[in-house]
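*Asks:* Give the three-dimensional model of this entry:
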Amino acid sequence: MTLNKLDSLITLLDDPDDSVFNLVMEEIIKEDISLVDRLEQIWETSLDEVVQRRIELIIQKIQLKDTKKKIQNWANQETLDLFEGFFLISRYQYPELKLKPILTQLENIKKDIWLEFRNSQTSLVKITILNHIFFKHYKFTVDKITPDAPQNCYFNRILETRNGNAISITIIYTLVARSLNLPVHYIDFQDNPLVGYFDKDLARLVHGDEINHQVLFYINPSNKGAIIGLKEVDYIQHTSGLTDRDKLTEPCPDRIILKRLIEKLIFAYTQRGLSEKVSYLYEIADIL
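*Replies:* Below is the predicted model:
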């Protein structure tokens with residue numbers, strides 16, 4: 001779209017007829033994210049509150065379309081990246097979110113843990129160190145007061161507040177552990193996901209080879225990284241009525257992890273009666 005055509009459409013934004021505005025909006029949102037800068041310039045120079053409000057709505061719709069496209073491209077990759085998927089979902093609510101600050105914060109956490117590691121340490125000792133830095137020093141915790149609040153699902157908000165829900169805290173814990181080359185993987189267990197510490201042969205699984213899955217022990221990020229054994233998990237499984245035991249011995253695919261996060265968001269926004277947000281999130285879930 002040429003700037004002249006855009007400016008011509010913008011002149012119609014003060015039309016009191018909503019049908020005219022809807023036609024203008026439909027035409028503008030066909031464009032890509034590059035148009036947002038120009039729209040923001042027009043917003044800054046406009047003195048009409050109606051025009052500003054309508055420009056804000058158009059910008060939001062363009063940004064949502066762009067985020068949806070990026071998530072679709074992410075989901076179509078042969079090998080998915082949990083970090084990228086989590087970041088893109090967070091951009092749904094925070095379209096101006098930048099990658100570098102998120103990476104910097106995670107790198108700082110990783111560095112603090114790595115400095116305490118020694119090559120000769122056992123897996124249990126390393127997880128104990130990770131838990132101490134992650135839960136004691138950085139004070140990450142599951143929000144017990146408002147666990148279903150939407151902000152508990154967004155990467156940047158969790159890093160700022162150190163609060164999240166059981167799923168989001170487990171995702172960040174998993175990402176930090178992965179960055180340290182620890183063979184841990186998210187375990188899709190009811191509403192209280194766990195992290196499984198697998199044997200070294202898991203690396204072959206990632207490349208498609210068939211192996212026997214071997215979980216050495218489990219970690220519960222919802223309980224400050226408490227380490228539990230298979231017998232305890234079997235007991236929880238038995239008492240909760242969970243019949244699919246494979247979920248306890250196999251890494252959860254990144255695609256499913258993020259679906260669980262989106263399900264949390266859908267529940268949160270449904271509770272608040274925000275139907276438009278819910279509809280959009282269902283579209284994202286269908287992409288995954």
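*Asks:* can you give me the strands in this protein?
*Replies:* With DSSP state E, the ranges of strands along the chain come out as 141-142, 163-164, 184-187, 194-198, 215-220, 226-228.
*Asks:* Take the ones you listed and lay them out in JSON lines including mean neighbour count, distance to N131 and mean pLDDT.
*Replies:* In short, each C-beta sits where N, CA and C put it, glycine included. Converted to JSON lines, the strands of the chain look like this (neighbours: other CB atoms under 10 Å; distance: least, CB to CB, whole Å; pLDDT from 0 to 100):
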{"stretch": "strand 141-142", "mean neighbour count": "17", "distance to N131": "12", "mean pLDDT": "96"}
{"stretch": "strand 163-164", "mean neighbour count": "26", "distance to N131": "16", "mean pLDDT": "96"}
{"stretch": "strand 184-187", "mean neighbour count": "25", "distance to N131": "12", "mean pLDDT": "92"}
{"stretch": "strand 194-198", "mean neighbour count": "25", "distance to N131": "11", "mean pLDDT": "92"}
{"stretch": "strand 215-220", "mean neighbour count": "20", "distance to N131": "8", "mean pLDDT": "91"}
{"stretch": "strand 226-228", "mean neighbour count": "16", "distance to N131": "8", "mean pLDDT": "93"}
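*Asks:* For L9, which of those strands is the nearest?
*Replies:* With CB to CB as the measure, strand 163-164 is the member of the strands of the chain nearest L9 (41.4 Å).
*Asks:* If you count residues, where's the longest helix of the protein?
*Replies:* Assignment by DSSP state H gives helix 49-75 as the longest helix of the chain.
*Asks:* Point out the other helices and strands that it packs with.
*Replies:* helix 18-28, helix 36-45, helix 82-93, helix 275-287 (3 or more CB pairs under 8 Å, 6 or more residues apart in numbering; DSSP states H and E).
*Asks:* Apart from its neighbours in sequence, what residue is nearest F198?
*Replies:* Among residues not flanking F198 along the chain, P183 sits closest, at 4.7 Å (CB to CB, 6 or more residues apart in numbering).
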